[in-house]
Structures are given as C-alpha cells and as structure tokens.
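Undergrad: for reference, the sequence and a predicted model appear below.
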Amino acid sequence: MFFKSYLPKQYLAAAIVASLLQGVVTAAPVFAEPAAKTEATVTQEVTAAQDTTSAQEPTAAKDTASAQEPTVAKEPTAAQEPMQSKASAASDKRSSQTDTADQNTIDHSAESKPIQNEFLKEGEGIPGTEVPYQNERKLSSAEWKEIDQLEKDIRILQREREEFFIKRAKEKAEKEKAFTNAFKGRQEYSIVFNPEDYSTKTMNANGEDVTFRAYEHLVYVKKPYVPESQMLSIYIPEAYLKGGTVNGFTAETAPIFMPNGVGGYMPGTIVEPQEDSRYGGANAALYALSNGYVVVSPAIRGRSLKHKNGYETGKAPALIVDYKAAVRFVRFNRKAGRIPAGDTEKIIASGTSAGGALSALLGATGNAKDYVPYLKEVGAAKERDDIFASMAYCPITNLENADMAYEWMFHNANEYYNAGPARRMPPADSNAAPEGNVQNRPANAPAEAIQGTAITPEQKEISAELKDKFSEYLNSLNLRDSIGNRLNLAPDGYGLFREFIESLYLEAAQNAIDTGEDISKTPWVTVSEGMAVHMDFDKYIAAVKRLKGVPAFDAFDMTTGENNEFGTYDIANKHFSRYALEHSQLVTVPKEEEEKKIAEEKARQYGLATPVEKRQLRKANLEEQMEKDKLDLSQYMANGLVVKMLNPMRYIGNPDVQTAPHWRIRHGALDRDTALAIPAMLAVKLKNSGKKVDFKVAWGYGHAGDYDLPDLFAWTDRICKIKDKADAILKEEQMKAKAKAEAKEKE
C-alpha cells in the first residue's frame with residue numbers, strides 16, 4: 001500500500017471502534033436508508049455504460065472500479081484518489097489480472113486506495129454506530145425527535161454526496177472519451193520484420209574495421225502514439241550472414257546488446273554505432289558489434305513529448321512500456337526466423353542515469369502483469385519481455401524513496417550546486433549546460449553550478465525529517481550482507497548499512513591504489529601502508545559537494561524532471577511521495593500524523609457520546625468529509641501503481657516476475673545526482689534474492705556511464721559463454737539420454 005491508514009487496527013478505546021477498524025459494520029440505524037453510493041461505485045456504473053458504446057474504440061483500458069490510464073498516463077479516478085472518501089466494501093476488493101497480452105484492464109486500485117479516516121463509517125464518511133437503540137429506551141420524546149431529524153439530515157447529505165460523485169465521474173468519463181477520440185485515428189503499423197530492408201556499413205572500432213547490416217527505424221508497436229519515438233534499429237555483424245563467427249559467437253549464439261539513450265527521463269534516441277564516443281574510441285554499440293554482439297537500440301518516449309493535439313504522450317510508465325515492447329518485437333521476429341541472428345535468451349540491457357534506471361527496471365520486471373494492459377494498448381507483440389542481464393550505470397531509481405536516501409547522505413552539507421532553474425527541467429532540445437556551469441554532464445542531467453546556493457534553516461529542518469525517515473525505510477527492506485548480517489540503521493542514521501556504504505568507497509579507493517593511482521591528496525580517505533583504511537563521511541560531502549536542493553527529487557513546487565515524469569496526459573507535473581504531497585506549495589493536505597491524532601480524538605469522543613451526540617458527530621463528520629471530497633488530489637499526486645511500475649525494488653523477489661539473473665551496477669565515487677544508498681539497496685536486494693550481481697563504485701568518475709567498455713564486455717562475454725557452455729553440456733546430456741532410450745527400445 002502506497003499510503004498508510006490513519007488509525008491502527010486495534011484501538012484501545014471501545015470495542016465498537018475496534019470492530020470498525022477490522023471492517024465489521026454493525027446493524028444500520030432504524031431510520032437509515034441504504035448508504036449513498038461512493039464515487040468508486042458511481043464511476044463503475046458510468047464506466048460500464050461507456051464500455052457498451054465504445055467497445056470497438058482503441059480506448060484506454062478501464063478498471064472495474066474506475067477509468068484507468070493507458071500508456072499515455074491518465075489521471076486516476078475516484079478509486080485511486082488519496083484523501084477521498086472510503087469506497088464501498090465491494091470496491092475495496094482487489095481485482096486480479098490475468099496473464100495475457102490480450103488483457104485490456106489497467107488496474108491501479110491495489111496501489112492507489114484512497115486515504116481516508118478509518119474512524120468514519122464505510123461508504124458515508126460518518127462514525128459507525130452500536131446496535132441501534134439497545135441502550136436508548138429511556139430517551140425522552142424530544143431526544144427521539146432530535147435523533148429522527150438528525151438521521152433525516154444525514155440521509156440528505158448522503159444523497160448530495162452521491163450526486164457530487166456522479167457529476168465528477170461523468171466529468172472524468174468525458175475527459176477519457178475526449179482523449180480516446182483524439183487518438184482514435186492514429187496510424188497502425190506492421191510489426192513483422194523485413195529481412196530484405198537493410199544497408200551494409202563498415203566502421204572502424206578502435207583500429208579494427210567492422211562490417212555490419214543495419215535494419216533501421218522500424219516501428220516496434222502496432223499502435224504507436226509517437227512513431228518516431230517508438231521505433232528501433234537492429235545491427236548485425238556481416239560475418240553471421242555468411243556462416244562465420246565473431247569472438248566465438250555464431251548467428252545462433254550471438255548475445256543481443258540492447259542499449260537505451262534515455263537521460264533525465266526525456267525521450268531516448270536510437271543509440272547508433274559511432275567511431276568516436278565522449279570518452280574516445282568506439283561507442284558501446286560499435287564496440288558490441290566488434291565483439292560479435294547483435295545490437296538492438298530502441299527510441300523510447302519521454303516526459304517532454306506532447307502531441308500536436310495538446311495531449312502529453314510520454315509520461316510514466318511510457319518509457320518502460322516501450323523498452324518492453326522492443327524486447328517483445330525482437331523475440332517475436334527472431335522466433336519466426338525473420339531476424340537472421342541473435343540469441344533472445346541472452347538479451348542484455350544497458351543505460352546511464354535515468355537510462356540506467358530503465359535498464360534496471362527492464363531487468364527486474366520481466367513479464368510482470370502490471371505492464372500487460374499498457375503493452376496491449378500500444379499493440380506490442382504477444383511475447384515475453386524478460387531479459388538475461390542488466391547493465392545499470394548510476395541509476396536514478398527508487399524515486400519515491402530517493403529524497404530520504406539523499407538527505408541521509410548529504411544532510412550535513414550547507415550548500416548545493418545546482419544551476420538554479422536549469423536543474424529542474426532542462427529544455428527538451430538541448431543537452432548543454434548553461435554558461436558558467438560545469439560541462440561534460442550526461443544527456444539531460446541537471447546542470448551543475450560552479451557557485452553554491454546556501455541551504456536555508458527551513459530546508460535544514462526538511463532535510464533532518466527526511467533523513468530520519470530513511471532509517472525506517474531501509475530497515476523495512478531487511479537487507480543482508482554476504483554473511484547474513486542485517487544491514488540496518490539506528491534512528492540517528494548510523495549502523496551496519498552506513499559501514500557497508502563506507503566500505504564501497506574504500507574498495508574503490510583500494511582498486512585505484514592497486515592500479516598505481518596516487519590518491520594521497522584525497523581528503524576523505526586515510527591510506528596506511530598502501531591500504532585504504534578509513535573514510536570520513538563529512539569530509540567526503542565537503543569535497544564532492546552536494547548537487548541537488550532540498551528535496552532533491554519530489555520538489556514541493558513540483559518543478560523537477562521527476563515531477564514532470566509522473567504527470568499524465570493532461571497534467572504536466574505531479575508529486576510521487578507522501579512527504580512531498582504533505583508539504584506541497586500547490587495544495588494543502590493534512591499531515592498523516594496530525595490526521596491520526598484527530599481521528600483518535602474523534603473516536604474517543606464518540607465512545608463517550610450520548611445517542612443524540614453520536615448522531616451529531618456522524619452528521620458533522622459527514623459534512624467535513626464532503627468538504628474534503630471537493631479536493632481532487634489525483635490532480636496533484638501520481639497514481640500509486642504508476643509509481644510502483646517505475647521502481648525495480650518493488651518487483652525483485654516476486655515469484656510471478658522473471659527478474660534477470662545477471663546484473664552489473666556502477667556508481668561513480670564522485671556522483672551526487674543520487675545517493676550511493678540507492679544503487680546499493682538495489683544490488684543487495686538482488687543478491688538476497690539469488691541473483692548474480694557485480695556492483696562497484698568507480699573511482700574518479702561522477703555521474704556517467706560507458707566509461708569502462710572493455711570491462712563491461714569482458715563481463716558480458718563471461719556470463720554469455722558460461723551460459724553457452726552450460727547449454728552445450730545440457731544439450732549433450734539430452735542427446736545421450738535420447739540415444740540411450742532409443743537403444744533400450746531396440747533391445
């Protein structure tokens with residue numbers, strides 16, 4: 001559950017309240033009519049009526065309780081709105097998804113249950129009651145008359161509330177219909193690969209000529225929203241088309257290297273082979289070709305895309321839907337023999353920054369059911385989307401928890417070095433940092449300022465609160481080191497996890513020493529007799545300098561790139577963490593702890609109230625809830641399931657998901673775009689779930705990727721050839737068993 005309930009399940013006051021918190025509803029009052037329909041129920045009825053008239057339209061899939069979001073993210077309706085009224089008991093049940101590519105139901109309810117005051121009665125936002133009138137036989141006629149009037153008032157309010165929900169549901173249904181109609185005539189494409197449509201190219205990869213076939217700009221889904229951002233190119237070494245081998249690989253065994261060009265959650269372009277990369281020499285695509293890999297690189301939608309009709313078309317979860325669709329396209333066409341080379345059981349994803357997060361997400365979520373409706377909506381091939389390995393450079397991931405991790409690490413800094421507004425959302429058509437700022441940053445990364453900006457006392461308080469919250473989150477993961485010790489943190493932020501983080505930096509320093517690098521001038525590492533023996537955390541922060549402001553990711557004014565990523569088809573930016581929502585500059589939301597205290601006090605008062613006072617409390621609480629209903633928080637807060645769908649941590653260890661078995665994760669020793677804690681938690685959770693993980697801090701590097709291509713492809717060669725040997729042994733054993741069985745039959 002993305003949001004927590006306001007009250008604990010066992011309240012120390014009355015048994016009545018305890019039973020309510022357990023979902024037990026007592027008998028209705030004598031005067032009560034059936035409870036007013038909640039917005040979830042109303043939305044279900046409106047949606048059902050719509051479905052009967054638009055079954056043939058390529059519309060966004062609908063949930064059983066609410067109109068849902070297609071790949072072009074739409075606003076969640078009543079069933080997903082935080083701080084709204086509690087849905088009916090029926091609508092509170094979780095709808096299950098079937099594992100089929102034909103499914104067209106997008107279910108966000110499981111992760112977007114409304115926040116509500118659990119002191120209120122199911123379905124009407126009023127306190128529950130005892131069994132009616134058992135203890136009310138001695139009431140005066142005046143009291144009975146007042147009770148009767150209060151019950152009538154409550155029924156009137158219930159009807160008004162139902163009418164309000166009906167109106168809102170209709171408005172949202174109309175918006176959904178308008179969106180559907182806007183894309184009703186979008187062009188459909190064939191996803192059948194044509195092996196005859198190619199060009200032959202020769203390029204020089206670090207002194208070696210590489211000849212390959214290029215199959216370029218192929219749309220990989222049938223119903224793209226943005227065809228130019230939903231196409232891919234395939235590059236195959238020419239030797240395979242002539243029966244040859246490269247680096248010990250054949251057309252049948254060649255791994256498939258699948259880099260993405262995403263940065264800053266902006267649109268990712270196709271990574272084409274290039275002779276000169278930013279670090280000198282061949283880029284990753286050409287390097288892979290020279291080593292015998294088939295290269296498949298997709299363009300991918302990003303947060304800045306907007307259709308000419310005015311709708312946003314690249315918001316979450318579009319980027320991971322597209323990456324998965326590209327994998328499915330390759331499997332679909334290779335299985336049919338149309339793509340002439342490549343082993344689809346050895347697909348390796350790679351990316352940097354947000355692209356590293358995307359690579360990790362693809363690796364973690366193989367065949368996860370949450371994505372199936374979105375893949376269906378864009379017309380992806382009906383194939384698997386799990387992969388063999390993931391290479392993630394400096395992944396900007398685990399976004400809803402990234403602010404806490406950042407403050408845990410950088411809370412002692414007194415300045416940050418963003419380039420002001422440029423750090424927030426850089427222009428979609430420019431990767432250059434503004435004049436006067438540090439250059440050589442990854443594409444669309446926040447610009448780094450030379451001069452720092454002071455952190456205010458108010459920001460210091462926010463930083464301290466977020467830092468304290470990180471320990472609770474980290475401990476909830478129950479992460480273990482290689483010998484079984486729990487990597488936890490005390491409330492003050494110290495513990496084995498901090499020691500683990502320090503050890504990663506020290507390991508990087510030691511590797512530098514072992515390769516002959518002089519690190520004696522590094523102020524935050526103590527070296528004794530050629531060994532890196534101690535790291536000073538505070539000196540490290542002072543040396544590398546904090547990059548981002550407070551908070552780093554989910555800004556209170558909703559101006560970060562991540563806020564922009566979680567927008568919807570008609571809303572540019574949204575919050576994606578509970579803490580930022582509570583501190584938002586754009587909407588006033590009661591803090592969870594404050595609401596909990598208020599609810600506890602109301603429960604106490606209700607337990608002591610007379611029969612008349614109970615009705616008065618019910619009416620007052622219903623009126624209060626109706627005021628809350630007017631605030632549609634789905635306009636400000638991202639859908640809970642969409643937030644989940646961008647976090648690989650939420651899928652690792654799920655038995656229904658095929659997470660990649662091999663991982664390589666790198667984080668620069670000088671990287672401050674996110675805290676080292678983020679990739680560290682990812683790596684440890686993967687290891688704890690039985691995956692093979694090569695995780696290191698790269699000495700001397702900041703926020704960057706593809707700086708160690710020889711090491712990268714030595715790793716990919718190793719894991720792929722080990723698999724090939726294992727497959728060959730298995731095949732040989734199967735052949736022997738078959739021969740033995742045939743011989744036995746002849747006897």
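TA: Here it is on my side, so go on.

Undergrad: going forward, measure contacts between C-alpha atoms and count neighbours the same way
TA: Fine.

Undergrad: any regions of the stretch 301-450 of the chain where pLDDT drops low?
TA: The model of the stretch 301-450 of the chain has pLDDT under 70 over residues 420-444.

Undergrad: mind redoing it with 80?
TA: By pLDDT under 80, the weakly predicted segments of the stretch 301-450 of the chain are 419-448.

Undergrad: need the helices for it, in chain order.
TA: With DSSP state H, counting those that start in this stretch as the criterion, the stretch 301-450 of the chain has helices at 318-335, 354-364, 372-378, 399-410.

Undergrad: all strands of this protein, in order?
TA: 199-205, 208-219, 231-237, 256-259, 294-298, 347-352, 389-393, 415-418, 437-438, 448-454, 525-528, 531-535, 662-668, 692-698 (DSSP state E).

Undergrad: hmm, back to that, of all the helices of the stretch 301-450 of the chain, which lies closest to residue 144?
TA: Residue 144 lies closest to helix 399-410 among the helices of the stretch 301-450 of the chain, at 51.8 Å (Cα to Cα).

Undergrad: one step back: dump the helices of the stretch 301-450 of the chain to CSV, plus distance to residue 143 and mean neighbour count.
TA: Listed next are these as CSV, based on distance: least, Cα to Cα, whole Å; neighbours: other Cα atoms under 10 Å:
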stretch, distance to residue 143, mean neighbour count
helix 318-335, 60, 24
helix 354-364, 62, 30
helix 372-378, 56, 26
helix 399-410, 52, 25
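
Undergrad: from residue 498, how far off is the nearest residue to residue 480 once chain neighbours are set aside?
TA: Among residues not flanking residue 480 along the chain, residue 486 sits closest, at 4.5 Å (Cα to Cα, 6 or more residues apart in numbering). Distance of residue 486 to residue 498, given as Cα to Cα, to the nearest Å: 12 Å.

Undergrad: so who does residue 213 touch?
TA: Contacts for residue 213 (Cα atoms under 8 Å, 6 or more residues apart in numbering) come out as 198-201, 235-238.

Undergrad: ok, so of the residues you listed, who is nearest residue 543?
TA: The shortest approach to residue 543 among those belongs to residue 235, at 43.1 Å (Cα to Cα).

Undergrad: show the pLDDT at that closest one.
TA: The model reports residue 235 with a pLDDT of 99.

Undergrad: out of the helices of the stretch 301-450 of the chain, which is closest to residue 300?
TA: With distances scored as Cα to Cα, the stretch of these nearest to residue 300 is helix 318-335 (5.8 Å).

Undergrad: tell me the angle that closest one makes with strand 347-352.
TA: Interaxial angle, helix 318-335 versus strand 347-352 (axes from the mean of the first three to the mean of the last three Cα atoms, to 10 degrees): 150 degrees.

Undergrad: ok and helix 318-335 relative to strand 231-237, angle-wise?
TA: 40 degrees.

Undergrad: and helix 318-335, what does it pack onto?
TA: helix 354-364, helix 372-378 (3 or more Cα pairs under 8 Å, 6 or more residues apart in numbering; DSSP states H and E).

Undergrad: what's that helix in contact with?
TA: 71-73, 191-193, 220-221, 230, 232, 265, 298, 300-302, 339-342, 344, 358, 361-362, 371, 374-375, 380-386, 646.

Undergrad: please redo it, this time with the cut-off set to 6 Å
TA: Identification of contacts with helix 318-335 by Cα atoms under 6 Å, 6 or more residues apart in numbering yields 71, 220, 300-301, 339, 380-381, 383-385.

Undergrad: farthest-separated two in these?
TA: Spatial extent of those (Cα to Cα) is set by the pair 71 and 339 at 27.2 Å.

Undergrad: give me the more crowded residue out of those two.
TA: Between residue 71 and residue 339, residue 71 has the larger neighbour count (other Cα atoms under 10 Å), namely 29 against 19.

Undergrad: quick revisit: can you select the buried ones from the contacts of residue 213 in PyMOL?
TA: Selection of buried members from these for PyMOL, criterion 16 or more other Cα atoms under 10 Å:
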select buried, resi 235+236+237+238
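
Undergrad: of the contacts of residue 213, just say which sits nearest to residue 522.
TA: Nearest member of the contacts of residue 213 to residue 522, counting by Cα to Cα, is residue 235, at 43.3 Å.

Undergrad: now that closest one: how far from residue 732?
TA: Counting by Cα to Cα, the gap from residue 235 to residue 732 is 31 Å.

Undergrad: ok, residue 687 - contacts?
TA: Under the criterion of Cα under 6 Å, 6+ apart, residue 687 has no contact partners.

Undergrad: measure it to residue 654 for me?
TA: Distance of residue 687 to residue 654, given as Cα to Cα: 14 Å.

Undergrad: same check on residue 304?
TA: Per Cα to Cα, residue 304 is found 32 Å from residue 654.

Undergrad: and residue 108, what's its pLDDT?
TA: Residue 108 is assigned 38 on the pLDDT scale.

Undergrad: with residue 134 instead?
TA: 48.

Undergrad: likewise for residue 731?
TA: For residue 731, the model assigns a pLDDT of 80.

Undergrad: equivalent analysis for residue 128, please.
TA: For residue 128, pLDDT reads 42.

Undergrad: which one of the strands of the chain lies nearest to residue 683?
TA: strand 692-698 (6.6 Å).

Undergrad: mean confidence for the closest one?
TA: Averaged across strand 692-698, pLDDT comes to 98.

Undergrad: adjacent strands (with direction) for it?
TA: strand 662-668 (parallel) (DSSP bridges).

Undergrad: before we move on, back to that, more neighbours, residue 304 and residue 654?
TA: residue 304 (20 against 13).

Undergrad: can you redo the helices of the stretch 301-450 of the chain as TSV with distance to residue 607?
TA: Output for the helices of the stretch 301-450 of the chain, formatted as TSV (distance: least, Cα to Cα, whole Å):
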stretch	distance to residue 607
helix 318-335	49
helix 354-364	49
helix 372-378	46
helix 399-410	38
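
Undergrad: how about those helices, which one is nearest residue 392?
TA: Taking the helices of the stretch 301-450 of the chain one by one with Cα to Cα, helix 354-364 is closest: 4.2 Å.

Undergrad: ok now that closest one, how far from the chain's centre?
TA: Distance of helix 354-364 from the chain centroid (Cα atoms, centre = their mean, to the nearest Å) equals 10 Å.

Undergrad: break the chain into its domains for me.
TA: 15-185+588-630, 199-398+647-732 (automatic domain parsing).

Undergrad: would you turn those into CSV with distance to residue 481?
TA: As requested, the domains of the chain are arranged in CSV below (distance: least, Cα to Cα, whole Å):
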stretch, distance to residue 481
domain 15-185+588-630, 30
domain 199-398+647-732, 7
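
Undergrad: what helices or strands is the longest helix seen in the chain leaning on?
TA: Longest helix in the chain, counting residues (DSSP state H): helix 141-182. Where contact means 3 or more Cα pairs under 6 Å, 6 or more residues apart in numbering; DSSP states H and E, helix 141-182 is packed against helix 39-53.

Undergrad: show the average pLDDT along the helix it packs on.
TA: The model assigns helix 39-53 a mean pLDDT of 46.

Undergrad: tell me which of the domains of the chain sits nearest to residue 528.
TA: Among those, domain 199-398+647-732 sits nearest to residue 528 (Cα to Cα), with 18.3 Å.

Undergrad: quick one: end-to-end distance for the closest one.
TA: 38 Å.

Undergrad: likewise stretch 343-363?
TA: End-to-end distance of stretch 343-363 (Cα to Cα): 17 Å.

Undergrad: need the residues that contact that stretch.
TA: 252-260, 262-265, 387-397, 648, 659-660, 705.
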